[in-house]
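In: Show me the folded form of this:
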Amino acid sequence: MTDDSLTNAIFNKCDIYYGDALISKESIIEHYMKFFCNVIGGEGHSVSFALHTGSVCFDIIAVVAVVLGCLSYNLSTNDDIIAALRQDDMVMYKNQRYRWKGIEPLNGSQYIVLEQDAKGKNGKSRLLIPLDHNKQLVKPYYGSSALTDGRGVRKVKTNREEFLAYIFHMAISEVPSIIDVSIVIVANRREFKELCENLRIVYGEKKQIGLLDIVPAAYYTSNGEESQFGKNPTKAEAVLKVTEKISVARDLVLNRHGNKVVGLLVTKNGSLTENGSELADLCRRKTLRFVHVAIPIRSDVGGYILDMYEEAMVFACTKDYLSKNAGEIKNNNPFTEELNRQITNIINNTISIIPVAGGWVWDEYRQIKNDLFIIKQSNWEDERKNNFILSAQGLLNLLTTAIFPLSFMEAAVRNEEINTTVSSPQARISELWDIAKNSGMMEKRCVAIVSALEKKYQEFLINTPKTLAIQKYIVDHAGQRIVIVVPKAYYADLLSMVLHYNFNENSITCVTTNRFNSNRKYDTVIAVGNINGKSFEPLQCQSAKKIEVMLYDCEVVMFNNRKKKYDKIEKKLNAKIEGIKYDSELPKELHDGFESDETEEEFVQEFSDLDQYIENLSAFDICRFATSKNASNGNAPVSEVQFVGSFVTGEQIFFSKYYSAVVFDRDVGSVAEKAVNKLLPGDLLVFIKRDDYTQNIVDFIYEKLLATGRLGKNLVNASEKSIYWKEVLRRFKEKGNFTYRGIAKKLREVGSSLQEVTVRQWLVEDSHIVGPRDIKTMEHIAQITQDLYLLDDAKGYFEACRVVRHERRTILDLIAKAINDKLSGHMPPEGSVLEIVYNNVENLSETLELDSILELDEITNININLVNRPITEAEVSM
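Out: Numbers count the residues shown, from 1 in each chain. Down below sits the predicted model:
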């Protein structure tokens, strides 16, 4: 299939709907469709990127294109599929299972012979059907049922063959009954499920078909478990293999069992830069016909692509490109209107600086940063050096962005009116003075830094210029939908106190850079400084036409530098799209603020190096601490650590590879368990206060409720069963001296498709996995272990795991209520289960705000007593 035939099939022969909304006729969507069809239909291996507006329409088109494009990659014809069938193989024909009995000649024609087993007094039944007209309807059955009838088959009435024959202008008999290649898709599970449920393709005389009527799809977890989307009566291997992690995608691509993977589609935001090395490895694999990444446009992502993938094809929704190609909206519906809003915001986007007098001037700010850089480069080899740099930079950031009087902050910290993890600025200045007086050759620079910070602190005690500016702005823009973007969560609490304002009940909201939701609509977005984060970049924010940035003199210089970089990337993208040479000449006004380009680059590089050093400091310290502890406790049990983090109070943490963190969402008052790789700065993590306790609070409370008999006898039995299957598998592993890979191989021998990583996640000591989510997996475990209890009641053990999993989710809800009750002063009913949860949350838990989280270059074995709990500064400095 050529790219022209694929484009023609999508453009001219069908309409793509999301629910009742026609989305495929908009000009920008058609431009993207042509681009992507060209990628899929091209010869050889290709790598491409699409930086779009953020509309779901782009994901829909990409998925439809890869589904239809699979037909061109298919390796087997229907004749090949029929020829590969062996005598008595189980096949599906019109929602019934049959045994394959071969092909017989009859009256000069070839007939397929199918057979069903005897039913009651009736003997076996034979069915003869013409080969030429039915070969596309006979499909191999990959399930485990040995019954030759329709029992247990989810009835599917599909027009799949008719649809594919129509849009590709081919005979129905030539439409492949199965697709023997797969596409791996990195996407959010919930969003992809919604896409499958809502996507409709309309063709011909108003006929329609769903995505999952064309090909089967499944989701793959990080531990290798497969979960089917929709119906799949033949139990055929998934053509669309969906996962949320690049690492899992890589495993699926490299897996040599089953379908050959011919393409990779990435639609999950954040996958590009956070998993750069793994994605780069996949991009180099020539066995993949295409690798396509489609994510919302951001300047940092655009720059990364231009630097790392010079030869890649690029589609980018820049202001210039949209101005020329967007066109008027053709079909009014919620999705095209949202797309149009995003396009309009990009084209008409204005970024305005609100200059604020009274803060740091550039020379003062530059001197402090320069002194910190020199200290960083110095030979001062003392733990206090890093403590000084971290604390001084933190205070510098506070004094640059504070939108509240510092006296308010001091009082709030003293009275515990804000998160107790927030430190007093005055106390931090005192600590800096103590370090400065003992800093040796760096004393002069340390004293200069602390003096400048203390002077500004005294100036800002009663009020700050930005406090007055934000108050005036709110008054002047009363009634507008405004979002105030701040660097830390406690800023919202303090600003609410200053303004006597409830952000949850008014048109003005206040969020951190990492909690900014770009899908929400505002009249104005206002950032309180030269700040950005994973979810917020003021230079490319599309949530409003009007973006305001409140800046002191020193920030204006830095912001203009970022603006210049952004404009340079934008020009490069436009040149890449148009296939012309990039012209590096920029407007003169963007050079204002620095003496020369050379001076500018020098300062920017120093500041960048310093910021990177500060970001990595906590990870460096905690790794060195871990190494020393391992050396002195060689016989202690260890846990595999992949991430390290730090909290705003200075505590640090090792996160084991498979740990589930308990996170409290203050905005909606809920608690959820999150995988470590999903954690973000600003998350509030709930921990047990006991230093030697590494389980999360859900485990602790669950065991407490079990021990006190509050969960009932049935749940006690279920808990025992949920533990038993795992112990059986562990004993089997130890007795047979199997590796995790060996166990996975044994499971595959009895029909499982699970990988080594799944078995490892089941059996490691800090695993929170209750049990398999597929009863077949429990049956496979029973088969390889030959445990009598599991063999006799695999379903009962599977059901027990489901019950325990549900109870854990209930405890999460109770923890959320207990934390909310604690914060609001409400007491639970005496003697209730909630009281037990409340008392444990009250007496045994602490809530810490995550300040940073970093992935280690390689997995490290750490003493298990130091893992998954906050480590204090005192412990780190031992």
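In: Give the burial count for the nearest residue to residue 469 once chain neighbours are set aside, as a bare number.
Out: Once flanking residues are discounted, residue 469 sits nearest to residue 356: 5.0 Å by CB to CB, 6 or more residues apart in numbering. (Glycine included, C-beta is placed from N, CA and C.) As a burial measure, residue 356 scores 21 neighbours (other CB atoms under 10 Å).
In: check contacts around residue 356.
Out: 465-466, 469, 550-552 (CB atoms under 8 Å, 6 or more residues apart in numbering).
In: 10 Å instead?
Out: Applying CB atoms under 10 Å, 6 or more residues apart in numbering, we find residue 356 in contact with 464-470, 528-529, 550-553, 555-556.
In: ok, now residue 139?
Out: Residue 139 neighbours (CB under 10 Å, 6+ apart): 78, 81, 91-93, 176-178, 233-234, 236.
In: PyMOL command to pick out the buried ones of these?
Out: Of the contacts of residue 139, the buried ones can be selected in PyMOL as follows, counting by 16 or more other CB atoms under 10 Å:
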select buried, resi 78+81+91+92+93+176+177+178+233+234+236
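In: Looking at the contacts of residue 356, which are in strands?
Out: 550-551 (DSSP state E).
In: Apply the buried test to the contacts of residue 356 and list what passes.
Out: Buried among these (16+ other CB under 10 Å): 464-467, 469-470, 528-529, 550-553, 555-556.
In: Rounded mean pLDDT for stretch 777-795, please.
Out: For stretch 777-795, the mean pLDDT works out to 92.
In: In that stretch, which residues are buried?
Out: Buried residues in stretch 777-795, counted by 16+ other CB under 10 Å: 777-785, 787, 790, 794.
In: Now the terminal residues of it, how far apart.
Out: Terminal residues of stretch 777-795 lie 10 Å apart, using CA to CA, to the nearest Å.
In: Tell me how far that stretch lies from the chain's centre.
Out: Put simply, stretch 777-795 sits 35 Å off its chain's centre (CA atoms, centre = their mean, to the nearest Å).
In: from here on, count from 10
Out: From this message on, residue numbering opens at 10, which makes the last subject stretch 786-804.
In: helices or strands next to the helix or strand containing residue 258 in the packing?
Out: Per DSSP states H and E: residue 258 is located in helix 255-263. Counting contacts by 3 or more CB pairs under 10 Å, 6 or more residues apart in numbering; DSSP states H and E, helix 255-263 packs against strand 190-195, strand 226-229, strand 249-252, strand 269-275, helix 280-283, helix 285-292, helix 765-772.
In: Off-centre distance for the last one?
Out: By that I understand helix 765-772. Offset of helix 765-772 from its chain centre (CA atoms, centre = their mean): 21 Å.
In: ok, now the first one?
Out: If you compare the mean C-alpha spot of strand 190-195 with that of the full chain, they lie 18 Å apart, counting by CA atoms, centre = their mean.
In: Adjacent strands (with direction) for that strand?
Out: Note on strand 190-195: by DSSP bridges, its sheet partners are strand 249-252 (parallel), strand 269-275 (parallel).
In: Restricted to helices, list the contacts of residue 148.
Out: Among the contacts of residue 148, the ones falling in helices (DSSP state H) are 87, 90.
In: on that earlier part again, and the residue nearest to residue 478, how far is that from residue 425?
Out: 30 Å (CB to CB, to the nearest Å).
In: before we move on, what about residue 534?
Out: 32 Å.
In: repeat for residue 442
Out: Taking CB to CB, one finds residue 442 at 25 Å from residue 425.
In: Just the pLDDT at residue 859, thanks.
Out: In this model, residue 859 carries a pLDDT of 84.
In: tell me the angle of the helix or strand hosting it relative to helix 285-292?
Out: Using DSSP H and E, the element containing residue 859 is strand 854-872. Going by axes from the mean of the first three to the mean of the last three CA atoms, to 10 degrees, strand 854-872 is angled at 60 degrees with respect to helix 285-292.
In: helices and strands around strand 854-872, which ones?
Out: Using 3+ CB pairs under 10 Å, 6+ apart: strand 854-872 touches helix 606-641, strand 647-656, strand 661-665, strand 669-674, strand 693-697, helix 706-716, helix 803-833.
In: and that strand, how far from the chain's centre?
Out: 17 Å.
In: neighbours around residue 109, how many?
Out: Neighbours around residue 109, by other CB under 10 Å: 21.
In: Surely it and residue 92 touch.
Out: No: Residue 109 is beyond contact range of residue 92, at 11.4 Å (criterion: CB atoms under 10 Å).
In: okay if I get the contacts of residue 148 as JSON lines plus distance to residue 79?
Out: Putting the contacts of residue 148 into JSON lines (distance: CB to CB, whole Å) gives the following:
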{"residue": "87", "distance to residue 79": "15"}
{"residue": "90", "distance to residue 79": "15"}
{"residue": "100", "distance to residue 79": "22"}
{"residue": "101", "distance to residue 79": "20"}
{"residue": "102", "distance to residue 79": "23"}
{"residue": "185", "distance to residue 79": "9"}
{"residue": "186", "distance to residue 79": "14"}
{"residue": "187", "distance to residue 79": "11"}
{"residue": "242", "distance to residue 79": "19"}
{"residue": "243", "distance to residue 79": "16"}
{"residue": "245", "distance to residue 79": "13"}
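In: The contacts of residue 148: which two are farthest apart?
Out: 87 and 242 (18.0 Å; CB to CB).
In: who's in contact with residue 245?
Out: So residue 245 contacts 101, 148-152, 186-189, 224-225, 268 (CB under 10 Å, 6+ apart).
In: nearest to residue 728, of those residues?
Out: Nearest to residue 728 among these is residue 152, at 32.0 Å by CB to CB.
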